[in-house]
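J.: Starting from these lines, generate the structure:
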Amino acid sequence: SQDPAVVATELFDAANVVAATYADVPADAWARRGLRSNGSEFTVATIAIYHLHDIVHHARDVSR
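T.: Numbers count the residues shown, from 1 in each chain. I've put the predicted structure just below:
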């Protein structure tokens, strides 16, 4: 029910924020490890891949 032009602009702006955030990650930080709330381990790189995969997955959901 939202205006597609407004949503497109908001998505574009959000994508730029995400791109800038990833661009700011120092080269030596991509392998930094952390723990999810369930205890599973991840790195900055693997959580970034998961994040980007999730965007593609939800985009497919919305297009159906």
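J.: Once you drop chain neighbours, what's closest to Ile47?
T.: Leaving aside its chain neighbours, Ile47 sits nearest to Gly34 (7.5 Å; criterion: CB to CB, 6 or more residues apart in numbering). No exception for glycine: its C-beta is placed from N, CA and C like everyone else's.
J.: Could you tell me the phi and psi values at the one you found?
T.: phi -150, psi 180 (degrees, to the nearest 10).
J.: contacting residues for it?
T.: By CB atoms under 8 Å, 6 or more residues apart in numbering, Gly34 lies in contact with Glu41, Phe42, Thr43, Val44, Ile47.
J.: do Val17 as well
T.: Contacts of Val17 (CB under 8 Å, 6+ apart): none.
J.: Let's verify it: helix, strand, or coil?
T.: With DSSP: H, G, I helix; E, B strand; the rest coil as the basis, Val17 sits in helix.
J.: The spatially most central residue of the chain: helix or strand, and which one exactly?
T.: Against the mean C-alpha coordinate of the chain, by CA atoms, centre = their mean, the closest residue is His51 at 3.7 Å. In this structure, His51 sits in helix 44-63 according to DSSP states H and E.
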